[in-house]
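K.L.:
Starting from these lines, generate the structure:
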Amino acid sequence: MPLLEKAFAKLDQNYDRIVGGWGKEGLRTLTGMPVMNFWNDQYQPEYLIPIYKYFASKNYPMTAGCCTGGSVYGLVAGHAYTFLDIQELKDSTGSIQHTIAKLRNPWASELYTGPWKDSDPNWTDEWKKQVKLAEANDGAFWMPFDVFIKKYYNLGVSLYQPYKYHLKQLFASERQYRFEINNPVK
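P.N.:
Numbers count the residues shown, from 1 in each chain. You can find the predicted model right below:
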């Protein structure tokens with residue numbers, strides 16, 4: 001991610017020109033794909049959970065702007081984070097106990113100090129397995145989804161899909177042409 005950030009800054013001539021921008025602008029410029037923006041305060045969490053889960057399952061690039069109401073739990077106000085995943089922690093009967101969101105600080109340092117941080121005593125061995133928790137200062141962290149909705153004001157999503165295509169050499173003597181374009185959906 002830092003290399004892409006530098007490339008984006010170079011595209012806009014320097015870092016000063018990208019300060020205070022929107023993550024969705026960077027996604028649109030770097031991927032060339034359509035970008036959607038969701039304002040978290042305009043929807044109920046029950047509505048957003050399946051949508052955000054779908055985007056995460058497709059591995060779409062996503063950014064989230066922080067922080068509504070100022071910094072909290074070590075989150076940096078006016079900073080964009082990468083939204084990586086959403087998981088529902090289930091107990092032994094399969095009942096959903098908690099819904100949590102996984103984010104990443106592009107600075108690659110874990111500053112988050114709130115609920116569900118890596119060292120939080122709420123983590124059970126089973127829940128660690130469910131999310132493949134890596135206890136490392138890698139910038140990635142989990143937080144309650146309801147806290148995400150309250151503190152992050154938006155989610156920008158690039159609807160990126162890799163395109164595959166075949167080229168067929170065409171000859172002027174042929175009257176029929178066949179083009180094959182394949183855009184696989186994961």
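K.L.:
Now do the strands in the protein.
P.N.:
Applying DSSP state E to the chain gives strands spanning 35-39, 62-66, 79-90, 96-104, 140-144, 152-158, 164-165, 181-182.
K.L.:
Residues contacting the second one, please?
P.N.:
For strand 62-66, the surrounding residues in contact (Cβ atoms under 8 Å, 6 or more residues apart in numbering) are 22-24, 26-27, 55-56, 75-84, 103, 148, 151-158. From N, CA and C alone the C-beta is placed, and that goes for glycine too.
K.L.:
Stretch 123-141: how far from the chain's middle?
P.N.:
Averaging C-alpha positions (Cα atoms, centre = their mean, to the nearest Å) puts stretch 123-141 17 Å from its chain's average.
K.L.:
Between the two ends of it, what distance do you get?
P.N.:
Terminal residues of stretch 123-141 lie 13 Å apart, using Cα to Cα, to the nearest Å.
K.L.:
buried ones in it?
P.N.:
By neighbour count on 16 or more other Cβ atoms under 10 Å, the buried set for stretch 123-141 is Trp123, Trp127, Val131, Leu133, Gly139, Ala140, Phe141.
K.L.:
ditto for stretch 92-108
P.N.:
Buried-residue list, stretch 92-108, by 16+ other Cβ under 10 Å: His98, Thr99, Ile100, Ala101, Lys102, Leu103, Arg104, Asn105, Pro106.
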